[in-house]
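# Structure for the following, please:
(chains A and B)
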Amino acid sequence: MSSSVEAITVLSSDGDEFKITVSAAKLSKPLNWMLEDVCFSDDCDEVPTIEVNSKTLVKVIEYCEKHAPRANSGASDSDAEELKKWDIEFMKMDVKDILFHILMAANYLHMEGLYDLACQTAADLMKGMTVSQIRKIFHIKNDFSSEEQEQLRRQHPGCSFD
Amino acid sequence: MGDRISGLPDPLLLHILSFLQTKDAVSTSRVSKRWRHLWRSLPKLHFDDRSFPSVKFFVQFVDAALLLVRLDSVQMFVLKCERFSVPQVKANVWVNALANYKLTYLELHFRRQVIRLPSSLFVCNTVSILKLTGFGVVNLSTVDLPSLKVLHLKDVKFSNSECMSRLLSNCLHLEELVLKGSLISDEVSFQDRLSFYSWAKHIARFEQLLFADVPAYIFPMNVFSNVQFMRLREMLWYTRDDIPTFHNLIHLQIDNFSCIDWSIVRLLQGFPKLQSLIIYKYGDYDLGDECLMKISTPGVPPCVSSHLKGFAYFGFKGRKLEFDILEYIMKNATVLRTVIVGRADTCERNDFEMLKQLSSYPRCSANCRLLYDILKKSIEEARRNCLTIRKL
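Residues are numbered from 1 along each chain as shown, chains lettered A, B, ... in the order given. Down below sits the predicted model:
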């Protein structure tokens, strides 16, 4: 791999161009493969497309760039703590809109850290919530009939603390 | 905005649910038809009795959940009984139900009582992480844990030394070992207690161990000599003598260091690659300032002269011996970046004077920072509260 390449350009599914540094791209297996492709073929003009929309890709790249130095070198505990705080801030986003795109993107890009972080965030939104609160937060339609609902309540007496 | 979450694939939703306690995960079954049976394929079960109003509800819930869940999809099992005393027989049934499947992670806490362990726990060829708190081990005939990489035992009390030895001698691939609290049952007589120490001598070296958090007095140190990270507790001065060379050790934390003296320099001879050393001194036992005779050492330890980047010492009282040792480290460590000194609560000397003296010492490394903590006794706190002293 030539060492002169410092960043690669990728296209989002909306067709916008994004730059991502080599060290940041290493956080994702598919991006890493793309990187190797780009680096190995000198005359390749084709810009690879990532099936993630622009709004999400901005966030994904932001995450990668922040986490890359630690992932590539290993850092001290105080850095880890600072990074954790950064993650919490980073995840304060609009639930309905972008969290699920991030979840899907992290899954698609094989980014374990971001995947766990997004899943944890979604789980935190459910923690201690009643059934109707969960429905409201995630806009889930209650498709049980009233008889079914009654039956469910009877079947799980141990779980109906709400 | 529509319902996006329900459109996610099963493995993804299950991964989200596995961050929840099983109680919360189960209650999602009533959200909609999509979620109805989802939780039954949970890869991780997590029961915590603190989320339940009584032991009856808790036992009922765990029983029902284990009956309904697909046991072969469960890889991680966490059971925390912090609040109630759970019947012995129930605990055994739950553990037995899962131990036969492909568990990789098993964490069991019993805070209110000491539960006797079912032996099925120790014959499980998939489990790689085992964390146990509050157990008694009476009889352990067979141990077969070929995949075990991480073992934490906290207040796990063995009734006889053969059991302990059998368990620890059969964990050949262990990478992380944490032993906290007493390992010996309260019922063991004083005479039999001695047999634990003699058995411990026969435990073979953990060849693949990377991380050890262990008391310093039970095992001979050579069983841990391959580790990279080590935390030692209850280190008394007399245990410092027969320490072998730790060729891989990078990070060492010593808690409850009984007293600091020049034997620390001899100790460091055994850690040629050590990069960071944290000492928490404890107790009021100190050698008098008149015992300053420097023991003869074959020169500056190799770790000090070429590897040591961080040195932290908590429990500083401002004694001459402590100043001398700090001076010695700062004078000889060529790549030292940070020295943290945490003052003991009982120290009565004036901070400013001690600071002045510390900062006057020559530092061999040009980049060495000296941090003096007047408030707290932990590294994280120290980093926040420390006064940074620049070279005068």
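
# Name the helix or strand of chain A that has the lowest mean pLDDT.
Using mean pLDDT, DSSP states H and E, helix A:29-40 stands out as the lowest-scoring helix or strand of chain A, at a mean of 72.

# Any idea how many residues pack against the closest residue to chain A within the stretch 51-200 of chain B?
In the stretch 51-200 of chain B, the residue that lies nearest chain A is B:F61 (4.2 Å; C-beta to the nearest C-beta). For every residue, glycine as well, the C-beta is placed using N, CA and C. Using other C-beta atoms under 10 Å in any protein chain shown, B:F61 has 22 other residues around it.

# now A:K136
11.

# and what of A:K127?
If you count neighbours by other C-beta under 10 Å, A:K127 ends up with 11.

# B:A204 too?
B:A204, neighbours per other C-beta under 10 Å, totals 10.

# Please name the nearest non-neighbouring residue to the residue in chain A positioned nearest to chain B.
Chain B sits closest to A:A123 of chain A, with a gap of 3.4 Å, by C-beta to the nearest C-beta. For A:A123, ignoring the flanking residues on the chain, the nearest one in space by C-beta to C-beta, 6 or more residues apart in numbering or on different chains is B:F19 at 3.4 Å.

# you'd agree that neighbour is up against A:A118?
No. Between B:F19 and A:A118 there is no contact under C-beta atoms under 8 Å: 10.4 Å.

# more neighbours, the two?
For B:F19 and A:A118, the more surrounded residue by other C-beta under 10 Å is A:A118, and the numbers stand at 27 against 19.

# per-residue pLDDT, residue 127?
I'll assume chain A. We note a pLDDT of 90 for A:K127 in this prediction.

# I was after chain B.
Model confidence at B:V127, expressed as pLDDT, equals 93.

# just B:L8 next, same as before
The model reports B:L8 with a pLDDT of 87.

# so what's it up against?
Residues counted as contacts of B:L8 (C-beta atoms under 8 Å, 6 or more residues apart in numbering or on different chains) are A:F100, A:L103, A:M104, B:I16.

# Now do the SS call for the residue of the stretch 1-150 of chain B found nearest chain A.
Going by C-beta to the nearest C-beta, chain A is nearest to B:F19 of the stretch 1-150 of chain B, at 3.4 Å. Applying DSSP: H, G, I helix; E, B strand; the rest coil to B:F19 yields a three-state assignment of coil.

# and it, what does it touch?
A:C119, A:Q120, A:A122, A:A123, A:D124.

# which SSE is B:N248 in?
According to DSSP states H and E, B:N248 maps onto no helix or strand at all.

# Give the pairing partners of whichever strand or helix holds B:A212; include direction for each.
Element membership for B:A212 (DSSP H and E) is strand B:211-215. In the sheet, strand B:211-215 lines up against strand B:176-180 (parallel), strand B:229-233 (parallel) (DSSP bridges).

# picking that back up, report the separation between the residue of the stretch 51-200 of chain B closest to chain A and B:R266.
Separation of B:F61 from B:R266 (C-beta to C-beta, to the nearest Å): 57 Å.

# Same check on B:A200?
In terms of C-beta to C-beta, B:A200 sits 24 Å off from B:R266.

# Excluding chain neighbours, give the residue nearest to the residue in the stretch 151-300 of chain B positioned nearest to chain A in space.
Residue nearest to chain A within the stretch 151-300 of chain B (C-beta to the nearest C-beta): B:S276, separated by 9.0 Å. The shortest distance from B:S276 to any non-neighbouring residue, by C-beta to C-beta, 6+ apart, is to B:G310 (4.0 Å).

# Which residues of chain B lie near chain A?
Within chain B, the residues that sit near chain A (C-beta under 8 Å from any C-beta of the partner chain) are B:1-6, B:8, B:12, B:15-17, B:19-20, B:23-24, B:26-35, B:53, B:57, B:60-61, B:64, B:379-380, B:383.
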